[in-house]
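1. Sequence and computational prediction follow.
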Amino acid sequence: MSKGLLIAVSGFSGSGKGTLMKKVLEMYPNYALSVSATTRRPRPGEREGVEYFFKTKEEFEELIDNDELIEYAKYVDNYYGTPKAYVEQMLDEGRDVILEIEVQGALQVKKKIPGLVLIFITAPSLAELKRRFAERGTETEENIRKRIEQIEREFESMMNYEYILENDDLDECAAAFHGIVQAEHKKLINQKEFIQKISEEFGGKI
């Protein structure tokens, strides 16, 4: 069985990356979404262990001290991080694992795992992002201001990503995401088992 791919998905706040990942999981069975840990408060409808593992600041820092995270970052005054054990298990089972993480965390993981696939999600425009913030009804004016400032900083980091997807039509964006991952599987670097098989058929001469 081929090992799965590790995919980091980041995006501007308000880009709809969480909704997109749910659609990808609905449409295609081989993906596993890594559940991140965070110190931010749950939003309405979010469940412990499903959308996030919700931690206190002290609990999160204990995870850091015990080296139980692949990566972690601080974003708008809260910690976010990726627990190791689940990710490693899913990859070994041949599942493609999606890390829905912030830019800082994704670039940390890329340094440790060069084969990580980096995909950035954005809304069609800044005006659309602002409209989505207002529509949530859970953001204060101060939080919206902080998020816009964060977007300005993330724009430069976005240039380190391999793929950018505009999340306007959800189904089309999910299909494009899946197409990227399937193309990554066909890269020579990810075809080691096939190359070994052909080599053996030639008696190990190639």
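-> On my side now, so go ahead. Numbers count the residues shown, from 1 in each chain.
2. What's the local residue count around the closest residue in space to residue 37 that isn't next to it in sequence?
-> Excluding its sequence neighbours, the residue lying closest to residue 37 (Cβ to Cβ, 6 or more residues apart in numbering) is residue 53, at 4.3 Å. All C-beta atoms are positioned from the backbone trio N, CA, C, and that covers glycine. Using other Cβ atoms under 10 Å, residue 53 has 16 other residues around it.
3. helices and strands around the strand or helix carrying residue 53, which ones?
-> Secondary structure assigned from DSSP states H and E places residue 53 in strand 52-54. Of the remaining helices and strands, those touching strand 52-54 by 3 or more Cβ pairs under 8 Å, 6 or more residues apart in numbering; DSSP states H and E are strand 36-38.
4. If you rank every helix and strand of this protein by mean pLDDT, what lands last?
-> Sorting the helices and strands of the chain by mean pLDDT, DSSP states H and E puts helix 126-136 at the bottom, at a mean of 66.
5. Going by neighbour count, which residues in the next helix or strand after that helix are buried?
-> With elements assigned by DSSP H and E, the helix or strand that comes after helix 126-136 is helix 141-157. Under the neighbour-count criterion of 16 or more other Cβ atoms under 10 Å, helix 141-157 has 144, 146, 147, 148, 150, 151, 154 buried.
6. Stretch 36-54 now?
-> Buried residues in stretch 36-54 (16+ other Cβ under 10 Å): 36, 37, 38, 39, 51, 52, 53, 54.
7. Could you identify the most distant pair in the residues you listed?
-> By the measure Cβ to Cβ, 39 and 51 form the most distant pair in those, at 14.0 Å.
8. and the residue of the chain most remote from its centre, helix, strand or coil?
-> Distance from the C-alpha centroid of the chain, by Cα atoms, centre = their mean, peaks at residue 203 (41.2 Å). Secondary structure, DSSP: H, G, I helix; E, B strand; the rest coil: residue 203 is coil.
9. how close does it get to residue 197?
-> Note on residue 203: its distance to residue 197, by Cβ to Cβ, to the nearest Å, is 13 Å.
10. For residue 187, the count of nearby residues, please.
-> Counted with other Cβ under 10 Å, the neighbours of residue 187 add up to 11.
11. Next one, pLDDT for it please.
-> Per-residue confidence (pLDDT) for residue 187: 88.
12. do residue 198 as well
-> As predicted, residue 198 sits at a pLDDT of 75.
13. Need the residues that contact the strand holding residue 53.
-> 35, 36, 37, 38, 39, 40, 41, 42, 46, 48, 83 (Cβ atoms under 8 Å, 6 or more residues apart in numbering).
14. what's the following helix or strand after that strand?
-> helix 57-65.
15. Tell me which residues touch residue 42, please.
-> 48, 51, 52, 54.
16. Can you check the pLDDT for it?
-> Residue-level pLDDT assigned to residue 42 equals 93.
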